[in-house]
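Participant: My questions are about this predicted structure, shown below with the sequence.
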Amino acid sequence: MTRGMAPDDLFRIQWLSDANISPDGATVAFTVTRLDADADDYRSAIWTVATSAGGEPVRLTWSEAKDSAPRWSPDGTQLAFLSNRDSDKPQLYVIDTRGGEARSLTSFSEGSGPAVWSPDGRRIAIVVRVPAAGGAEKPKHPPARVIDTLKYRSNGEGFTYDRRRHIFVIDVADEQAHQLTDGDWDDMQPCWSPDGTKIAFVSARHDDRDYDRAADIFVVGAAGSEPVRLTPAGGSVALPAWSPDGRQIAYLGYADAEDAPLNSRLWILPVDRGAVPICLTAGYDYQLEISDTCAPIWSTDGATLFTGVEDRGTVGVVAVDPATGTVDGRVGGKRAIAGFTLSSSGALAFAASAASTPAEVFVCDARGERQLTDLNRAWRGDVELPSPEQFTVKSDGVEIDAWILRPAGFKQGRRYPTLVNIHGGPFSQYGWTFMDEFQVEAGAGYAVIYCNPRGSSGRDDPFARAIIGAPGEPDTADIMAAVDAAPERYDFIDASRMGVLGGSYGGYLTSWIVGHTDRFAAACSERALNNRYSKEGTSDIWSGFTYLRVRQWQDPALYSRFSPISYVCEMRTPLLILHSEEDIRCPIEQGEQLFVALKQLRREVRFVRFPGENHDLSRSGKPSHRVQRFEHILDWFNSHLSKGAQSET
């Protein structure tokens, strides 16, 4: 007998990521992460698997630490990876894949970023946070912080104004590190030229970098020189990739950084200084920037560029002809890849999950696509993981993608309480990926509804930009259209026992919804934006752009209108508020304000605070806190939706 997924199942799942194929295409290295209940922490190791038929995954590293980000040397004999086995921060290690122990290449106080190998395999470029000059010993009482910049801290990292990210080059043989860039800005995403003499990277070095979201591609000599800017100012650029002939650099982004949200397109840039970038996918209106590590990849002959794409709930890989801009699908299906790599023979390796299957490693080559791992097979045999059914609804004439997940142990003829989940972002998407949230809710006996309202990614630019000037209005209409349609299409939904929940922007919409309707029997607003005016200046993103397109002092009435707390007197739905005490993205005062106001109004409200956690609690918080979070959410909805009183249809 199988059962539904429970919160404690987080400890049984093997979380696979970072599939990196060897240059000859024979082996894929990848990271396997697990949650350690005893240590209340995460453990990860590097594994490998052969791409030939019948190969079994083999664990390569065995430290009781966090080993991650495997990167093959160009000749395939070594793997560089990150590990905190000997320090609190991740350092760079290299191991001979033919046998032997890993050796450390770095010992930076702030740790190291992932390896980027030079074409000859003798050097590695990394990104390191460099502390401001000062004494080696920490003072007994920290001095006052003197802040001169707007962008001075970051969620999950704390204060960053005195720890800028710069590029270092390490000689693999003698382990000597040379700092290549410096200055009061961040330098990121290094990429070697094919001849190994230059490094392209992304940086915001313009005068107004503290006030905008723009960045540029620069090139610097690998032995040191003054960086040269290649892209025109004002754009959003990311993830440069040098062409095999060294004449062009591909990258992702859009021309006007201040006009976000916009789908990232694929561009190519001639390396000649002053050259004009060419957008290859101007007519292909989908989001191509699927993660901050998944750069475009050139085929070895330079005839094809591969990039990820979000497409109405899926994440796949497309091939783009750099001469014509023609786009063809390469990896698709009802699933989501988290990144991919390419061998010299053209084999693509990637980790991908489906709605009812955690991520596993796959390869796609001339012989077709093959699944190489099945590390979660035993666990999947013990639990029932329902697969969602997709449906669409019309809202204001716009087609909205939605999904319904039946509860585990579903029985025909019963009507079930239902939870409506709202994603954050808002420029992100739900879809065909494994969500432990949904499976735990289904495992607890709930039907689960989720959708991609206007403002989401995975569609064209007008869809993403439809909420500008009125965040909370078009997207709420879309969500409620799905809520209205679902009980009509699926007779197992009990419309009288529905709850709504969401985190971050999803928390904002949850707070907004319960201030505008009493439709739901209970709600959970997590790490939410509740007061737009007070969030300005207290968040790490300080609204470098805002969907309202004005600053709070320019139109305080508009900020009040689109702040859920302005409608607190209309909030009668029992509300659970979850917030992390070290959240800098949506500071905890956002939750505190709403809680206090509702208590003063004598409304039913509960406030759960998580010490030591930041905005990413549900994804990377302490394992014990992640389980407790699930328990609080389920307890709240169980008590208000009478889960046990399932009725007959």
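Facilitator: Everything's here; your move.

Participant: all contacts plus neighbour counts: C-alpha atoms, from now on.
Facilitator: Noted.

Participant: Quick check, Gly55 in contact with Gln371.
Facilitator: No - the pair Gly55 and Gln371 does not pass the contact test of C-alpha atoms under 8 Å, sitting 10.5 Å apart.

Participant: ok, those two, which is more surrounded?
Facilitator: In terms of neighbours (other C-alpha atoms under 10 Å), Gln371 is the more surrounded of Gly55 and Gln371; the figures are 16 against 13.

Participant: Where do the helices of the stretch 401-550 of the chain begin and end?
Facilitator: Counting by DSSP state H, counting those that start in this stretch, the stretch 401-550 of the chain has these helices, from start to end: 436-443, 461-464, 474-489, 505-514, 532-535.

Participant: could you measure the one residue sitting closest to the centre of the chain against Ser428, distance?
Facilitator: Averaging the C-alpha coordinates of the chain gives a centre point, and the residue nearest to it by C-alpha atoms, centre = their mean is Ser291 (6.3 Å). As judged by C-alpha to C-alpha, to the nearest Å, Ser291 and Ser428 stand 11 Å apart.

Participant: What of Glu631?
Facilitator: Distance, Glu631 to Ser428, using C-alpha to C-alpha: 26 Å.

Participant: quick one, which of those two is more surrounded?
Facilitator: When Glu631 and Ser428 are compared for neighbours, Ser428 comes out ahead with 17 against 14, by other C-alpha under 10 Å.

Participant: what are the phi and psi angles of the more buried one?
Facilitator: Backbone dihedrals for Ser428, given as degrees, to the nearest 10, come out at phi -150, psi -180.

Participant: Identify the bridge partners of His166.
Facilitator: Going by DSSP bridges, His166 is paired in beta bridges with Val128.

Participant: what's near enough to touch it?
Facilitator: Remark: with contacts taken as C-alpha atoms under 8 Å, 6 or more residues apart in numbering, His166 is in contact with Val127, Val128, Arg129, Val130, Gln179, Leu180, Thr181, Asp182, Asp186, Asp187, Met188.

Participant: And Ser618, by the same measure?
Facilitator: Residues counted as contacts of Ser618 (C-alpha under 8 Å, 6+ apart) are Arg626, Arg629.

Participant: one more time with 6 Å, if that's ok
Facilitator: If a contact means C-alpha atoms under 6 Å, 6 or more residues apart in numbering, then Ser618 has Arg626 as its contacts.

Participant: ranking the helices of the stretch 401-550 of the chain by burial, who's on top?
Facilitator: helix 505-514 (a mean of 27; mean count of other C-alpha atoms under 10 Å).

Participant: Could you list the residues in contact with that one?
Facilitator: Against helix 505-514 from outside (C-alpha under 6 Å, 6+ apart): Ile422, His423, Gly424, Gly425, Pro426, Leu501, Ser525, Glu526, Ala528, Leu529, Pro564, Met571.

Participant: Can you say which of those are buried?
Facilitator: Buried members of the contacts of helix 505-514, counted by 16 or more other C-alpha atoms under 10 Å: Ile422, His423, Gly424, Pro426, Leu501, Ser525, Glu526, Ala528, Leu529, Pro564, Met571.

Participant: and those residues, which two are the farthest apart?
Facilitator: Distances among the buried ones among the contacts of helix 505-514 were taken as C-alpha to C-alpha; the most separated pair is Pro426 and Met571, at 22.8 Å.

Participant: Quick check: Phe637 is in a strand.
Facilitator: No - for Phe637, which was evaluated using DSSP: H, G, I helix; E, B strand; the rest coil, the result is helix, with no strand membership.

Participant: Grab the nearest non-local neighbour of it.
Facilitator: Here the nearest residue to Phe637 in space, its sequence neighbours aside, is Ala522; by C-alpha to C-alpha, 6 or more residues apart in numbering that works out to 6.6 Å.

Participant: Correct me if wrong: the one you found contacts Pro574.
Facilitator: Yes - with the criterion set as C-alpha atoms under 6 Å, Ala522 and Pro574 qualify as a contacting pair; they are 4.9 Å apart.

Participant: Can you show me the helices along the protein?
Facilitator: Assigned by DSSP state H, the helices in the chain fall at 377-382, 436-443, 461-464, 474-489, 505-514, 532-535, 556-561, 589-600, 617-620, 623-641.

Participant: May I see the ones you listed arranged in CSV, with distance to Leu105 as well?
Facilitator: Rendered in CSV, the data for the helices of the chain read as follows (distance: least, C-alpha to C-alpha, whole Å):
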stretch, distance to Leu105
helix 377-382, 36
helix 436-443, 36
helix 461-464, 43
helix 474-489, 49
helix 505-514, 41
helix 532-535, 42
helix 556-561, 50
helix 589-600, 42
helix 617-620, 27
helix 623-641, 30
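
Participant: out of those helices, nearest to Pro261?
Facilitator: Evaluated with C-alpha to C-alpha, the helices of the chain place helix 461-464 nearest to Pro261, the distance being 6.5 Å.

Participant: could you dump the closest one to PDB, C-alpha only?
Facilitator: Extracted C-alpha coordinates of helix 461-464, given in PDB (Å, rounded to 0.1, in the frame of the first residue of the first chain):
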ATOM      1  CA  ASP A 461       6.100  40.100 -23.200                       C
ATOM      2  CA  PRO A 462       2.500  41.600 -23.200                       C
ATOM      3  CA  PHE A 463       1.400  38.800 -20.900                       C
ATOM      4  CA  ALA A 464       4.200  39.500 -18.500                       C
END
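
Participant: Quick check: the gap between the nearest residue to Ala359 once chain neighbours are set aside and Ala336.
Facilitator: Closest residue in space to Ala359, ignoring its immediate chain neighbours: Ser353 at 3.9 Å, by C-alpha to C-alpha, 6+ apart. In this view, Ser353 and Ala336 are 6 Å apart by C-alpha to C-alpha.

Participant: Overlap of the contact sets of the two?
Facilitator: Thr433.

Participant: Could you chop this protein up by domain?
Facilitator: With automatic domain parsing as the criterion, the domains of the chain are listed as 1-105+335-385, 386-648.

Participant: can you redo those as a markdown table with mean pLDDT?
Facilitator: A markdown table is the format used below for these (pLDDT from 0 to 100):
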| stretch | mean pLDDT |
| --- | --- |
| domain 1-105+335-385 | 96 |
| domain 386-648 | 96 |
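
Participant: Please identify which of the ones you listed is closest to Val327.
Facilitator: Closest to Val327 of the domains of the chain, according to C-alpha to C-alpha: domain 386-648, at 15.7 Å.

Participant: what distance separates the closest one from the centre of its chain?
Facilitator: Put simply, domain 386-648 sits 18 Å off its chain's centre (C-alpha atoms, centre = their mean, to the nearest Å).

Participant: measure the closest residue in space to Val605 that isn't next to it in sequence to Val596 for me?
Facilitator: Spatial nearest neighbour of Val605, excluding adjacent residues (C-alpha to C-alpha, 6+ apart): Leu575 at 4.8 Å. When distances are taken as C-alpha to C-alpha, Leu575 and Val596 turn out to be 12 Å apart.

Participant: Out of the two, name the residue with the larger neighbour count.
Facilitator: When neighbours are counted by other C-alpha under 10 Å, Leu575 comes out ahead of the other of Leu575 and Val596, with 28 against 13.

Participant: rewinding a little: any idea how far the residue nearest to Val605 lies from Glu604?
Facilitator: When C-alpha to C-alpha is applied, the distance between Leu575 and Glu604 equals 7 Å.

Participant: swap in Ser83?
Facilitator: Counting by C-alpha to C-alpha, the gap from Ser83 to Glu604 is 46 Å.

Participant: Neighbour count for these two, which is higher?
Facilitator: The neighbour count for Ser83 versus Glu604, taken as other C-alpha under 10 Å, is higher for Ser83 (26 against 15).

Participant: Test my guess that the more buried one contacts Asp67.
Facilitator: Yes - in terms of C-alpha under 6 Å, Ser83 counts as a neighbour of Asp67; the distance is 4.4 Å.
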